[in-house]
Each structure stands twice: as structure tokens, then as C-alpha cells.
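> Give me coordinates for this.
(one chain, ligands or ions: 2)
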Amino acid sequence: MTTLAITGGHVLLPDITVTRADVLVDQDGGEILEIGDDLAGEADETLDASASLVTPGFVNGHCHVAMTLLRGYADDKPLDAWLQEDIWPVEAELTAETVRAGTELGTLEMIKSGTTSFADMYFFVPTIADVVDEAGLRARLGHGVISVGKDEAAVHEDAQEGLEVAAEIDGMADGRITSAFMPHSLTTVDGQYLSEYVPKARELGVPVHYHANETKDEVTPIVENHGVRPLAYAAEKGMLESEDFIAHGVHVDESEIGLLAEAETSVIHCPASNMKLASGMAPVQRLLEAGVTVGLGTDGAASNNDLSMLDEARDAAMLGKLAADDASAVPAEAVVTMATQGSADAIGLDTGRIEAGKPADLAVIDLEQPHLTPRHDLVSHLAYAAAASDVRHTVCDGQVLMRDREVLTLDEAAVRARASEAAETLVARAED
Ligand SMILES: N[C@@H](CCSC[C@H]1O[C@@H](n2cnc3c(=O)[nH]cnc32)[C@H](O)[C@@H]1O)C(=O)O
Ligand SMILES: [Zn+2]
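Ligands and ions are numbered 1, 2, ... in the order given. Down below sits the predicted model:
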């Protein structure tokens, strides 16, 4: 057994308290062995965490990772116009190679900001899986299925691809990659296809993940056409199981919060995307009070515009207070929970907690920064003051992915160069 000790730091425990401790990791099994004092002597290798906070690796519960290529391409528009006028025309020109370049860039950014796991909905998923494997991350991936604007044969092909991809990649990268069936949303996939393909996803045994109740414009047509709220409609379609997770859940009413709690379906809250697209304010405090599992996601980089889960946690706390009109709502502990174990539980990964027997997925945050001084409360610092650039080391599955800000699994300069070039040619093709 090869072991790694993360030494000299403070450790964020699963009950969201902080203690002084070392963390001993089994690198072969990818597991945490022990949390305790003076573990350096027992390890083959050490990672210095002095003057640092060791946290679970962050879990990004909803992303479109290759959209890093479209960062800053189209800003300042509402969801519908943004997707239809700007994003979808460019995405129509994507190739496996451009998606590879965008995924490399996105995974690089994740590692540099302490994210070790994510859920992703996009195109060319086997290519994304390949990059995730190379980068050393953990992910639940799926092919986004859409029916609007397509003829029937094309929709069946798209949905079939969604199922096949889910079956193909599940368990890849020594189990670091899992999958889901991902119909894009309740309004962009026609009901007949949901009825046909969701049961097939159940046969495969994979969760279902989709955008729901993101904007008011998505709620109205469902109420008008089906006579029920969107999440009641989702339940009718068999899309509200305990392993399922929805992105956004902004415009959910009390009846829908009740449905989520009862079904144990999780919500991935994406506050930055919701603010940027002016989609609305999710009732996060209400969801938490009702016992719904809430995770955090960045959504794609084109609507955020970064993949930092520390930024997302801060945004979630700020927006949650504003939404509840209550400064005590969505406190620091809640957003730190959401960014780690909340997202992990939501997307069905057994991670997000520093505990013996759990996957060794960790981020080490440098506290020797002016904006992290003084140190009254490290949970407060995580929620409100720490930045992506404070992450010193990132460890996933027991492997060191970044040491002292140097990413070891990807060549940073080459990844940035390839992504810039891919983005430029992609946009040129689309605008041609
Ligand atoms: N196979 C589908 C691809 C869907 S991938 C997932 C899609 O979600 C889009 N997306 C990104 N952010 C959001 C959001 O906030 N709401 C809804 N869709 C989004 C993204 O641009 C991408 O087109 C097709 O044929 O179009
Ligand atoms: Zn999204």
C-alpha cells in the first residue's frame, strides 16, 4: 500500500466543524485511512498543509464543462434568447476535438479551484470521459437530449445516443466515471419522448438529470398544456425518483417543494447562472427546511463565467439571504455543506466528506492571505472570503492532481493554447 499524509493543517469535518489534524490516505485504494495527529511518520509521501485548511474536494453538481470555450462569447441576455440566438448556433458546429479542448480547459480550471467531482450534460460524452480520466477527476456524465427543432428520427437518434452513452461510460476510469440519462429540460424535450425513454433509463439503472423550473417562461407552457406544475408533470413522467437530480429549481412553489422532499429528488442550485440570466431566486432556505437535498453547480462557463465552487458558495449565501429577505437564511455552514456533501449526495457520488473509508478527494486552501486574515472562523472564510486562487493542492481518489498550484495531470500552457485556438475556429465556423 502506498500512503500519502496531508500534514500540519486544519481539517473540515463532515459536521462542518474545523479541527487541527493530519489526514492519511491510501493512494492505491483511493481512500481516507485516518484523521489524527502526527501521521507523517506513517506515510510514504507527504503534502504540506501548514497554515492551510483541508476541505473535501468540491463537487460541482451541474455543469456543461466544454462551454468554457464560450466564456465571454455572449453575455447579458435572458436564457431563451441567449440559447437560441447565440449558444445553440455555435454548439451546432462543435466537434469531438473542440469538445476535447474545452473539457481540458474546464477540468484544468476545476483542479485549480479545488473541485474534484462534477456532473456534466453535454455533447461528445465519450470524449469528455476520456479527458476526465486523464485529468484524474471523478464525474457523472450524460448526453444532453433535445427534441425542439428536430424531426422525429433525429430525436430518436439523440435519445438513443443518450442511453448508449450512459451504458458505455458507466464505471470507466476505475469507477471514477458514472453516468446518467439527461433530457435537457421539461420544455425542450417533448412529453412523448420522456414517456418513451425515461423507463429505458430505469432499465439501465442510471439516474435522470435535467433542467427544471429555471425561468418563469418554462413554467407557464407546462401549466397551460398539462394543467399541472412542472414537477408534478415530471413525476407523471417518472422523472422524480430519489436518485434523480434537477438543475435550478428556481420557480418551484410549495406543492413542488413537497414533491421534491417526498420523492427525495435533489436540487442543484446554480446561483451565478440564475443571477446572470436574471432567471430568478431559488427558495433555497425553504428547500433546506423542507429536507430537500440541495447541491451547488456552476452551470456552464458561458453563464457564470467561471467554474469556481468557492464563488458559487458565496453567491448561494448572498442570494439565499436576499431571496428569503432574511440575513440568517442560507448561512455559511449551509453553503459549505451544499458545495461538498450536498452536491455529492445529490449526484449520487459517495464523496464530499473527510472521514475514514471515504474517497480521498481533497482540496487544500492556503490561509496565509490578506483576505483570509484574521482567522475567527474558517467555515466563514470558506463561504465568504476564500477564492479559487487560494487552493494550493488538489487530491482526487488519493492522487495528487495539483501540488503547490502546479497541475500534474494536464499541461496547463498547452491546454490553454489548444482551447484558445479551438474557441476561435469554432466561433469563426459558426459565424461563417
Ligand atoms: N444533444 C443536445 C445537447 C444538449 S447539451 C446541454 C445544453 O444545455 C445548454 N445550457 C447551458 N446552460 C443552460 C441553462 O442554464 N439552461 C438550459 N440550458 C443550458 C447548453 O448550451 C447545451 O446546449 C442537442 O442536440 O442540442
Ligand atoms: Zn445547465
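> switch to C-alpha atoms for all contacts and neighbour counts from now on
OK.
> Give me the neighbour count for the closest residue to ligand 1 within the stretch 251-400 of the chain.
Ligand 1 sits closest to G300 of the stretch 251-400 of the chain, with a gap of 5.3 Å, by C-alpha to the nearest ligand atom. Number of residues near G300 (other C-alpha atoms under 10 Å) recorded here: 26.
> what about the residue nearest to T2 when sequence neighbours are not counted, how many residues close to it?
Distances taken as C-alpha to C-alpha, 6 or more residues apart in numbering place Q27 nearest to T2, at 5.5 Å, with adjacent residues excluded. Neighbourhood size, Q27 [other C-alpha under 10 Å]: 23.
> Please tell me how far Q27 sits from ligand 1.
The gap separating Q27 from ligand 1 is 34 Å, by C-alpha to the nearest ligand atom, to the nearest Å.
> can you check A414 too?
Applying C-alpha to the nearest ligand atom to A414 and ligand 1 gives a distance of 25 Å.
> Now do the same for E42: its pLDDT.
E42 carries a pLDDT score of 89 in this model.
> that older thread, quick one: residues contacting the residue nearest to T2.
M1, T2, T3, L4, D397, G398, Q399 (C-alpha atoms under 8 Å, 6 or more residues apart in numbering).
> okay if I get these as CSV plus secondary structure?
Output for the contacts of Q27, formatted as CSV (DSSP: H, G, I helix; E, B strand; the rest coil):
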residue, secondary structure
M1, coil
T2, coil
T3, strand
L4, strand
D397, coil
G398, coil
Q399, strand
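> neighbour-wise, which of these leads?
In terms of neighbour count, D397 stands highest of the contacts of Q27 at 26 neighbours, by other C-alpha under 10 Å.
> so who does that one touch?
Q27, G29, G30, E31, G136, L137, P359, A360, D361.
> From those, pick the one nearest A334.
The closest of the contacts of D397 to A334 turns out to be D361 (C-alpha to C-alpha; 20.0 Å).
> Can you get me a residue count around that closest one?
Neighbour number of D361 under other C-alpha under 10 Å is 31.
> buried ones in stretch 279-291?
S279, G280, M281, A282, P283, V284, Q285, R286, L287, L288, G291 (16 or more other C-alpha atoms under 10 Å).
> same check, this time on stretch 73-80
Quick answer for stretch 73-80 (16+ other C-alpha under 10 Å): D75, L79.
> how about that stretch as PDB, C-alpha atoms only?
What follows is stretch 73-80, C-alpha atoms only, in PDB (Å, rounded to 0.1, in the frame of the first residue of the first chain):
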ATOM      1  CA  TYR A  73     -18.800  34.900 -26.100                       C
ATOM      2  CA  ALA A  74     -22.400  36.000 -25.400                       C
ATOM      3  CA  ASP A  75     -23.300  37.800 -22.200                       C
ATOM      4  CA  ASP A  76     -26.100  40.000 -20.900                       C
ATOM      5  CA  LYS A  77     -29.100  38.200 -22.300                       C
ATOM      6  CA  PRO A  78     -32.000  36.100 -20.900                       C
ATOM      7  CA  LEU A  79     -31.900  32.300 -21.100                       C
ATOM      8  CA  ASP A  80     -34.200  31.800 -24.100                       C
END
